[in-house]
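[1] My questions concern the predicted model and sequence given below.
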Amino acid sequence: MPKALWIAHVNVLDSDLLGAYASAATPIILEHGGIFLARGGSYEQLEGQDHTRNVVAQFPSLQAAHDCYHSEGYQAAIKLGEGGFERSLMIVETVD
């Protein structure tokens, strides 16, 4: 079964609000089998719009990634971070 990746490109607006979101979201992501592969580390922007932060998390399946995002706990974490960041977030199935 293919795994899935959350790929988030983030512009940080308020680091305290982002921190509140991240503190609440991390355990929810882990509970759904998510593993962080990249989380705000160094990067090189080769094409397209630059972002201040990039995050990649791997999930055991597309459904697990979907369920995590739509879970009550994750949606509550998003509310904690409102106004702290702008992002684009996608789920991408990996090659099996």
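    Happy to help now that I have it.
[2] Would you check that residue 10 makes contact with residue 85?
    Yes - Residue 10 lies in contact with residue 85 (Cβ atoms under 8 Å); the separation is 5.2 Å. In this view, the C-beta of every residue, glycine as well, is placed from N, C-alpha and C.
[3] Would you mind telling me which of the two has more residues around it?
    Here residue 10 and residue 85 are compared on neighbour count by other Cβ atoms under 10 Å; more neighbours surround residue 85, at 21 against 18.
[4] Just to check, the more buried one is in contact with residue 19?
    No - counting by Cβ under 8 Å, residue 19 is not a contact partner of residue 85; they are 10.3 Å apart.
[5] Where does residue 11 fall, secondary structure wise?
    Using DSSP states H and E, the secondary-structure element containing residue 11 is strand 4-12.
[6] from the chain's centre, how far out does whatever helix or strand comes next after that strand sit?
    Sequence order places helix 15-31 as the next helix or strand after strand 4-12, per DSSP H and E. Relative to the mean C-alpha coordinate of its chain, helix 15-31 is positioned 9 Å out (Cα atoms, centre = their mean, to the nearest Å).
[7] So for helix 15-31, what gets flagged as buried?
    When neighbours are counted by 16 or more other Cβ atoms under 10 Å, the buried residues of helix 15-31 are found to be 17-18, 20-22, 24-25, 28-29.
[8] ok, the strand holding residue 11: who's next to it in the sheet?
    With DSSP bridges as the criterion, the sheet partners recorded for strand 4-12 are strand 53-59 (antiparallel), strand 85-93 (antiparallel).
[9] Just give me the neighbour total for the closest residue to residue 39 other than its chain neighbours.
    Taking Cβ to Cβ, 6 or more residues apart in numbering, and ignoring the residues beside it in sequence, residue 39 has residue 55 as its nearest neighbour in space, at 5.2 Å. Using other Cβ under 10 Å, residue 55 has 20 other residues around it.
[10] Pretty sure residue 55 sits against residue 18.
    No - taking contacts as Cβ under 8 Å, residue 55 lies outside contact range of residue 18: 10.8 Å.
[11] hey, what's in contact with both of those two?
    Shared between the contact lists of residue 55 and residue 18 (criterion: Cβ atoms under 8 Å, 6 or more residues apart in numbering) are residues residue 10.
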